[in-house]
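> Take a look and give me a structure for this.
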Amino acid sequence: MEQIVSNREIILVSYADEGPVTGVHLKIRETQLDIGNVGRDGSPGDVVVQNEWISVDPYLRQRMKQPNDGLFLQNFQLNQAIKSRAVGKVVASANSKFEVGDLVTGLYEVSEYGVVPAGILRKIDTSIAKPSYYLGLLGTPALTAWIGFTIIGNPKPGDEVFVTAAAGAVGMVVGQLAKIKGCRVVGSAGSDQKVKLLKEELGFDDAFNYKSETDWDAALTRHFPRGIDIYFENVGGRMLETVLNHINMKARIPLCGMISQYNQEWKQTFGVRNLLNLVGKCAKMEGFMCSKYFDRMGEFSEEMTGYIKEGKIKYKEDVKEGLESFLDVFNSMFSGENIGKPVIHLTPTP
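Numbering: from 1, shown residues only. As a prediction, the model looks like this:
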């Protein structure tokens, strides 16, 4: 039975190979969606979700470029809706695993409504955490932090840990995991307000504002007189080069991302000049993608849920309203204006 609803979605109309993403690249498109046809021939999926929360993450920047810059993620197709993780409510279902009213999360189109295959959805439990946390503290950002720090970083009590972009969706979790594991942790962030958050609310031992520090080498000497055992890398560029002069023997460097380089074409990115330090210090620098560790999702969820229930971990969100805010929210991550995990709240229509 035909049931038409008005829908809006964010589409990519031109690639942004370098520089900030603007309204030239992303636009909102209004559509009509037949949710009564769900699960029938020609339907793109068997569950209709009315989205309530949309995740905004730095890695999406790489998918808005035409060339592949190293993450090996398929770029978004022009004139099609971009995709991100979302949380929403099931409003129609042709799949027995999902009922109307279920709250679910998955990776699909950035839109007010989505018609999606049931196989990419999972139910969420709001008795553990509020819905939006399934895009952050119980979602990919925290999973990223857990994989990089606990598996690749292999922390030991007393380790000296440095986290860049420490007030971001991933960094704030890394820092708190470090404290739980008995490490000393220092974070860098782009404002005094963020530094205050790290030290006074999230339990970092210390933090500094990289924008107001004129000499990063001196800052690291001051904060790490005993050197760095684990460097959780989120920004790349000149900061990575500076850190390599301060690593200890057998240091571990999980490569999560390099956000300082994402708005540049790869030939213009910063070339790190002191990689030989990795040889002399017998250090390990390892990149990773969450998709290669989904078999550890159950282990991560159990551990993180335990920390939440015990009050051992906190999370900060940067919430904005409506699809119209997507572009500003997205660019705030690259300017350093956001504080915490950026999420967009969509108010359900009656």
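> I figured Tyr293 was touching Ile151, is that so?
Yes: Tyr293 is in contact with Ile151 according to C-beta atoms under 8 Å; the separation is 7.2 Å. Using the backbone N, CA and C atoms, a C-beta is placed for each residue, glycine as well.
> now the residue nearest to Phe270 when sequence neighbours are not counted: how far from Leu346?
Nearest residue to Phe270 in three dimensions, chain neighbours excluded: Gly237, at 4.0 Å (C-beta to C-beta, 6 or more residues apart in numbering). Noted for Gly237: a distance of 34 Å to Leu346, by C-beta to C-beta, to the nearest Å.
> More neighbours: which of those two?
Shown here are Gly237 and Leu346; by other C-beta atoms under 10 Å, Leu346 has more neighbours (20 against 17).
> Just confirm Arg296 is within a helix.
Yes: under DSSP: H, G, I helix; E, B strand; the rest coil, Arg296 falls within a helix.
> That one against Ile151, yeah?
Yes: with contact defined as C-beta under 8 Å, Arg296 counts as touching Ile151 (7.4 Å).
> In the sheet, which strands lie alongside the helix or strand harbouring Arg122, parallel or antiparallel?
Secondary-structure assignment from DSSP states H and E places Arg122 in strand 121-123. Paired neighbours of strand 121-123 in the sheet (DSSP bridges): strand 103-109 (antiparallel).
> Going along the chain, name the helices of the protein.
140-146, 171-180, 192-200, 216-223, 237-244, 276-280, 297-309, 326-335 (DSSP state H).
> Same list (those) but as JSON lines, adding distance to Arg8.
Shown next, in JSON lines, are the helices of the chain (distance: least, C-beta to C-beta, whole Å):
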{"stretch": "helix 140-146", "distance to Arg8": "24"}
{"stretch": "helix 171-180", "distance to Arg8": "31"}
{"stretch": "helix 192-200", "distance to Arg8": "32"}
{"stretch": "helix 216-223", "distance to Arg8": "43"}
{"stretch": "helix 237-244", "distance to Arg8": "36"}
{"stretch": "helix 276-280", "distance to Arg8": "48"}
{"stretch": "helix 297-309", "distance to Arg8": "31"}
{"stretch": "helix 326-335", "distance to Arg8": "11"}
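> between those helices, which one is nearest to Val91?
Closest to Val91 of these is helix 326-335 (C-beta to C-beta; 21.8 Å).
> The stretch 51-200 of the chain: strands as residue ranges?
80-81, 83-93, 103-109, 113-116, 121-123, 160-163, 184-189 (DSSP state E, counting those that start in this stretch).
> export the ones you listed to JSON lines and tack on mean neighbour count?
Output for these, formatted as JSON lines (neighbours: other C-beta atoms under 10 Å):
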{"stretch": "strand 80-81", "mean neighbour count": "16"}
{"stretch": "strand 83-93", "mean neighbour count": "22"}
{"stretch": "strand 103-109", "mean neighbour count": "20"}
{"stretch": "strand 113-116", "mean neighbour count": "23"}
{"stretch": "strand 121-123", "mean neighbour count": "17"}
{"stretch": "strand 160-163", "mean neighbour count": "28"}
{"stretch": "strand 184-189", "mean neighbour count": "26"}
